[in-house]
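Quick one: sequence and predicted model below, then my questions.
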Amino acid sequence: MRIMPIEKRGISDSRLVLGCMPFGGGWNSEPITQEHIKEAEKAVEAARSIGITMFDHANIYTRGKAEETFGKVLKAQPGLREQIVIQSKCGIRLAEGDLPGMFDFSYSHILESVEGSLKRLGTDYLDVLLLHRPDPLVEPEEVAVAFTKLKESGKVRHFGVSNMSVGQIQFLERSLSMPLVVNQLEMSLAHLHFLDETVHVNQQAGTAVRFAEGLMEFCRTKDVQIQAWGPLAQGRFSGRALPDEPEHIVRTAELVKRLAEEKGTTREAIVLAWLMKHPALIQPVIGTANPERITACQDAERQAELMTREEWYTLYVSARGKALP
C-alpha cells in the first residue's frame, strides 16, 4: 500500500479527520456557552483517544463560533496546539442584509478570512488552508499573491481546495508557487458519483453522473490528498433512520449491520472502511461532535485492511441500487 500523500508532505499521519462544523451551537448570533465548550472538549478528547490528530474547520462554520469554541479548548490545554493539525477554509461569504451568499477568492477576502480564523482559534498559524467552493470570478494570480504572502509570513503552511474539478485545480496551480495538497469532496455510500464516473465511461448512464471527469485519477497522480466530507451519510447506514429512504438504502443499511456483527465491529467502522479501502487512501472527515459516534469510528482503518474486494463491491452495488454495467 502506498504512503498517504498528505503524510509525505509532512502534514498529518491521521487517517481520520474530525470535522468541527457542529461546534459552538447554532448558525446564529447567540453567544457561545460553557456547555458548548464542554461539548467541544469531549469531542476533541474522544477524537484524540482513537488517534485523530487532524481537525477540520471553516471560517463560516456556525458563523465563526466553531473556530472560536475550538480556540477556547486550545487555550485551556497548553501544548495541545503543537500536537495537532488544524485545517480551515475560506471563500464562502454568507448572505448579509440585501446581499446574497457568494464565493470570494479575492486577495483581500482570503487574507481577512485567515486573520479572522487565527484570531478565533487563538493560534499563530494554520497547518492547511482550503478554498471552500469554486468562485466563478477567481483570478489565479490574485490567489497566488495571497497564498505567497500567507506562506512567507508563516500564517499558513499548506494549501488546498474543496469541491473542485481537474480543470479548476490546474487553472489555479498555473499561477501558484506551491502545490495544492488537498481536495475535499463529498463521498459516501450515499454519494457514489466518484465511483460511478469511473465505471460509466462510454455508458449512457454516465450522463447522469455529477462528478468531474478524471478527478480521482488526477488527484492520485498529483499526490493531492482526497478528503471525504459527509462520509457517514448523516448516519443513514449506522442506525439513523431518515424518512422516505429508498429501499436500496434500507437494504444497504441492513448489509452494513450484518457485516459489523460478523466482524465484531461497529457500523460506523464498516461505512468508513468502505471509503478507506479505495486505493486513493481517502481521508474521511467525520462531521459529528458526539463522543460515542466518534469513538465508534476507531476500528475503521483496520476494517479497511480486512475488507475483501467482494465485500467492497457488494456494498457498492447495494448502495447503487442497481447492477454494474
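That came through fine. Everything numeric here is computed off the predicted structure, so don't read it as measured data. Numbering: from 1, shown residues only.

Check which helix or strand the residue nearest to Trp229 when sequence neighbours are not counted maps to.
Sequence neighbours aside, Val285 is the residue nearest to Trp229 in space, at 5.0 Å (criterion: Cβ to Cβ, 6 or more residues apart in numbering). Where C-beta positions appear, they are placed from N, C-alpha and C, glycine not excepted. In this structure, Val285 is located in strand 283-286 according to DSSP states H and E.

after that strand comes which helix or strand?
helix 291-295.

Can you give the distance of that next one from its chain's centre?
How far helix 291-295 lies from its chain's middle: 17 Å, per Cα atoms, centre = their mean, to the nearest Å.

ok, now stretch 90-105?
Mean-position distance between stretch 90-105 and its chain equals 21 Å (Cα atoms, centre = their mean).

just stretch 123-135 next, same as before
In terms of Cα atoms, centre = their mean, the centre of stretch 123-135 is set 12 Å apart from its chain centre.

Mean confidence (pLDDT) on that stretch, please.
The average pLDDT for stretch 123-135 rounds to 97.

Check which residues of that stretch are buried.
For stretch 123-135, the neighbour count (16 or more other Cβ atoms under 10 Å) marks 123, 125-132, 134-135 as buried.

returning to what we had before: would you check that the residue nearest to Trp229 makes contact with Gln225?
No: counting by Cβ atoms under 8 Å, Gln225 is not a contact partner of Val285; they are 11.2 Å apart.

Okay, strands next: where are they in the stretch 151-300 of the chain?
Counting by DSSP state E, counting those that start in this stretch, the stretch 151-300 of the chain has strands at residues 156-162, 180-186, 225-229, 283-286.

Output those strands in a markdown table; the columns should cover mean neighbour count and distance to Gly71.
Shown next, in a markdown table, are these (neighbours: other Cβ atoms under 10 Å; distance: least, Cβ to Cβ, whole Å):
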| stretch | mean neighbour count | distance to Gly71 |
| --- | --- | --- |
| strand 156-162 | 22 | 17 |
| strand 180-186 | 23 | 22 |
| strand 225-229 | 23 | 22 |
| strand 283-286 | 25 | 20 |
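
Only alpha carbons, please: show stretch 251-264 as CSV.
Extracted in CSV, the C-alpha atoms of stretch 251-264 (Å, rounded to 0.1, in the frame of the first residue of the first chain):
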residue,chain,number,x,y,z
ARG,A,251,-31.1,-2.8,2.3
THR,A,252,-27.6,-1.4,2.4
ALA,A,253,-28.0,-0.3,6.0
GLU,A,254,-29.0,-3.9,6.8
LEU,A,255,-26.0,-5.2,5.0
VAL,A,256,-23.7,-2.8,6.9
LYS,A,257,-25.3,-4.0,10.2
ARG,A,258,-24.7,-7.7,9.3
LEU,A,259,-21.1,-7.1,8.3
ALA,A,260,-20.4,-5.2,11.5
GLU,A,261,-21.9,-8.0,13.6
GLU,A,262,-20.0,-10.7,11.7
LYS,A,263,-16.7,-8.8,12.1
GLY,A,264,-17.3,-7.7,15.7
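
ok, and what's touching it?
Stretch 251-264 is contacted by residues 189, 236-238, 245, 266-267, 269-271, 303, 306, 311, 314-315, 318-319 when judged by Cβ atoms under 8 Å, 6 or more residues apart in numbering.

Recalculate using a threshold of 7 Å.
Here stretch 251-264 makes contact (Cβ atoms under 7 Å, 6 or more residues apart in numbering) with 189, 236-238, 266-267, 269-271, 303, 311, 314-315, 318-319.

Drop anything exposed from the residues you listed.
189, 236-238, 266-267, 269-271, 303, 311, 315, 318-319.

just to revisit the earlier point, who's the residue nearest to Trp229 bridged to?
Beta-bridge partners recorded for Val285 (DSSP bridges): Val17, Trp229.

dump the residue contacts of it.
Taking Cβ under 7 Å, 6+ apart, one finds 17, 19, 56, 184, 227-229, 231 in contact with Val285.

ditto for Tyr316
Leu195.

Which secondary structure element is home to the closest residue in space to His57 that isn't next to it in sequence?
Setting aside the residues directly before and after it, His57 is nearest to Ser88 in space (Cβ to Cβ, 6+ apart), at 4.1 Å. If you go by DSSP H and E, Ser88 is part of strand 85-90.

tell me the angle of that strand relative to strand 225-229?
Computed by axes from the mean of the first three to the mean of the last three Cα atoms, to 10 degrees, the angle separating strand 85-90 from strand 225-229 equals 70 degrees.

Please find the angle between the direction vectors of strand 85-90 and strand 156-162.
60 degrees.

In CSV: the strands of the stretch 151-300 of the chain, plus distance to Cys297 and mean pLDDT.
Shown next, in CSV, are the strands of the stretch 151-300 of the chain (distance: least, Cβ to Cβ, whole Å; pLDDT from 0 to 100):
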stretch, distance to Cys297, mean pLDDT
strand 156-162, 21, 98
strand 180-186, 18, 97
strand 225-229, 13, 97
strand 283-286, 6, 98
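
Which parts of the stretch 1-150 of the chain are helices?
5-8, 34-49, 65-76, 107-121, 140-152 (DSSP state H, counting those that start in this stretch).
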